[in-house]
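[1] kindly generate the corresponding structure for this input.
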Amino acid sequence: MNVERESSFECRGLPKHKLNQASAYINEHLGEDLSLEAIAIEFGMSKYYFCRLFKQLMGITPHKYLIQQRIERAKQLLKQKKITIADIAFQCGYSEQSTFTTAFRKAVGLSPRAYQKQF
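    Sure, this is the predicted structure:
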């Protein structure tokens, strides 16, 4: 049944290889001010259609996926301890350290500094 479901998604406009390209595009541009519209344009779709297809295939919205990937990158950078938290925030696409700290605490349950002290 899953095979039928997956193939029906492919017929709707976002084949699995395009989904992989979309997630790779997001990961390559984590440090930028990346909008849903920019991603959708990259794949020749409206942002609403892209968002719907992405969520059907991934189970989360592109925005949540973007936040999730930014937090994962931040975790990797925090383990290095050589980079300031403000620089990590910037490298992960946050223009303000406070916005980064709020998003990180919401996702991880710890502040970036507390997380960093664990390593």
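[2] elements contacting the longest helix seen in the chain?
    The longest helix of the chain (DSSP state H) is helix 62-80. Contacts defined by 3 or more CB pairs under 8 Å, 6 or more residues apart in numbering; DSSP states H and E place helix 62-80 against helix 16-28, helix 36-42, helix 47-58, helix 85-91, helix 97-108, helix 112-117. (Each C-beta comes from the backbone N, C-alpha and C, glycine too.)
[3] and it, what's buried?
    Residues of helix 62-80 classed as buried by neighbour count (16 or more other CB atoms under 10 Å): 62, 65-67, 69-71, 73-75, 77-78.
[4] over to stretch 35-54?
    Buried positions in stretch 35-54, judged by neighbour count with 16+ other CB under 10 Å: 36, 39-40, 43, 45, 50-54.
[5] tell me the contacts of the nearest residue to residue 107 once chain neighbours are set aside?
    Distances taken as CB to CB, 6 or more residues apart in numbering place residue 71 nearest to residue 107, at 4.6 Å, with adjacent residues excluded. Going by CB atoms under 8 Å, 6 or more residues apart in numbering, residue 71 touches 92, 103-104, 107-108.
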